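Trainee: Sequence isn't available, so here's the structure alone:
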């Protein structure tokens with residue numbers, strides 16, 4: 001089933017050239033953080049371009065439950081009147097974060113050093129994902145957590161009434177874990193220090209600085225060391241959310257594999273900790289160019305043009321790049337299916353514990369559509385068949401995972417036979433306008449039960 005209703009089976013048929021502008025939604029990572037940090041200010045934060053997918057709407061509802069006044073003014077413009085650092089009120093009901101691992105982990109961090117208790121839950125997918133990676137470092141502040149076996153939701157957190165600052169090394173590359181610890185450190189006295197051996201997306205650090213927190217980042221031999229001084233008075237901001245590169249990945253990759261395509265994605269964020277996919281696609285021979293490069297709200301932004309690229313070649317993706325494109329490996333595996341040779345992806349065990357086991361989900365579905373895939377605990381290899389040679393014809397399981405569903409629907413745009421997914425409903429969590437946007441470009445997507 002989809003995360004918020006009955007399953008929505010969908011089919012993607014081979015189509016003609018995709019052309020036009022793809023105005024993808026606002027960045028999901030920045031949208032989550034804008035709402036949470038806005039709630040931790042005194043005064044009004046104005047957000048434009050907010051992603052209005054279900055994941056972010058669940059975070060907005062959670063901030064209301066903690067006492068902030070969150071208002072939708074229409075057209076992607078929202079305001080948040082916050083309660084200040086450490087000012088969260090105890091919610092009077094369970095916080096349902098739906099399908100969002102980012103939402104629940106960041107919210108846990110934000111409330112972990114306040115003297116309140118909150119219970120978190122989600123859909124079937126989220127309730128099966130590991131939370132100990134966040135609750136373990138939060139315990140160092142003095143937070144207590146009580147959940148199901150394996151550190152799974154539903155889970156109750158008892159915030160630390162007298163938190164202590166923490167020095168923590170993130171054991172695996174995870175922006176969610178790093179961000180949860182930094183958000184918890186906001187209401188702890190003294191300095192909270194986080195070290196990450198591999199750099200992950202740095203939206204939290206950039207936005208904390210923008211909201212007036214005292215935060216420094218230093219590159220050392222052991223990795224990136226981030227130092228946050230706790231108990232600041234955060235300053236309300238005006239935030240323009242750039243378009244989401246993870247969402248842009250889908251029309252961009254579709255354009256690369258559908259003959260005759262020429263698609264422009266305006267105003268997407270190109271934060272270097274997020275742009276690994278586009279670097280990888282260029283190395284594979286993709287006709288991908290940046291236009292009108294600029295800086296907006298402290299984030300690098302550009303218009304991205306993607307054209308059909310029949311000469312794609314498989315490569316070995318550098319393992320060090322994994323953190324900057326972890327959400328894009330499913331759609332990369334689709335592009336790799338139309339390349340010549342092997343595309344090897346290593347250091348990606350994080351994919352096993354996303355909304356689904358994304359390696360298994362993509363490997364199973366690609367095999368069913370005639371593509372050769374080998375996989376191991378933290379790697380997988382897709383052997384491309386070349387342009388026009390991918391058979392298609394299968395129905396793939398989405399496993400309540402928006403990126404899996406979208407990836408297989410993109411696959412079906414360039415296969416010999418249509419490709420179906422058992423449930424496209426989860427797409428609404430991150431990309432609510434996926435269907436009309438792709439249809440406007442020329443895709444042939446249908447809801448099978450419509």
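Mentor: Nice, thanks for sending it over. On a predicted model such as this, the values are computed, not experimentally measured, just so you know.

Trainee: Quickly list the domain ranges of this protein.
Mentor: Following automatic domain parsing, one gets these domains for the chain: 10-26+242-447, 28-239.

Trainee: The first one spans what distance, first to last residue?
Mentor: Looking back up the chat, that one is domain 10-26+242-447. 4 Å (C-alpha to C-alpha, to the nearest Å).

Trainee: Likewise for the shortest one?
Mentor: Terminal residues of domain 28-239 lie 13 Å apart, using C-alpha to C-alpha.

Trainee: Kindly provide the whole-number mean pLDDT of it.
Mentor: In this model, domain 28-239 carries a mean pLDDT of 96.

Trainee: where does the stretch 201-350 of the chain dip in pLDDT?
Mentor: 297 (pLDDT under 70).

Trainee: try 90
Mentor: Counting by pLDDT under 90, the ranges of the stretch 201-350 of the chain that qualify are 201, 272-273, 295-300, 323.

Trainee: Which parts of the stretch 151-300 of the chain are helices?
Mentor: Per DSSP state H, counting those that start in this stretch, the stretch 151-300 of the chain carries helices over the ranges 175-185, 203-210, 245-257, 276-283.

Trainee: any idea which residue of this structure is furthest from its center?
Mentor: residue 162 (32.4 Å; C-alpha atoms, centre = their mean).

Trainee: wait, doesn't that one sit right on residue 142?
Mentor: Yes. Using C-beta atoms under 8 Å, residue 162 is in contact with residue 142, at 6.6 Å. For the C-beta atoms, the positions are set from N, CA and C on the backbone; glycine is no exception.

Trainee: So residue 96 versus residue 314, what's the distance?
Mentor: According to C-beta to C-beta, to the nearest Å, residue 96 stands 42 Å off from residue 314.

Trainee: Could you pull up phi and psi at residue 381?
Mentor: As for residue 381, its main-chain torsions (degrees, to the nearest 10) stand at phi -130, psi 130.

Trainee: bridging residues for it?
Mentor: residue 344, residue 374 (DSSP bridges).

Trainee: Show the contacting residues for it.
Mentor: Under the criterion of C-beta atoms under 8 Å, 6 or more residues apart in numbering, the contact list for residue 381 reads 342-345, 373-375.

Trainee: 7 Å instead?
Mentor: 342-344, 373-374 (C-beta atoms under 7 Å, 6 or more residues apart in numbering).

Trainee: swap in residue 333?
Mentor: Residue 333 neighbours (C-beta under 7 Å, 6+ apart): 362, 366, 382.

Trainee: One more: residue 303?
Mentor: Per C-beta under 7 Å, 6+ apart, neighbours of residue 303: 264-267, 291-292.

Trainee: Return the members of those residues classed as buried.
Mentor: 264-267 (16 or more other C-beta atoms under 10 Å).

Trainee: Just the residues you listed: which are in strands?
Mentor: If you go by DSSP state E, these have 264-267 in strands.

Trainee: quick one: the nearest residue in space to residue 292 that is not next to it in sequence from residue 331, how far?
Mentor: In space, and not counting its chain neighbours, residue 292 is closest to residue 303: 4.8 Å by C-beta to C-beta, 6 or more residues apart in numbering. In this view, residue 303 and residue 331 are 20 Å apart by C-beta to C-beta.

Trainee: pLDDT wise, what is the closest residue to residue 356 other than its chain neighbours at?
Mentor: Distances taken as C-beta to C-beta, 6+ apart place residue 399 nearest to residue 356, at 3.5 Å, with adjacent residues excluded. For residue 399, the model assigns a pLDDT of 95.

Trainee: what's the answer for residue 4, then?
Mentor: 54.

Trainee: Just give me the closest of the contacts of residue 303 to residue 393.
Mentor: residue 265 (29.5 Å; C-beta to C-beta).

Trainee: OK, contacts around that closest one?
Mentor: 22, 24, 243, 248, 251-252, 303-304.
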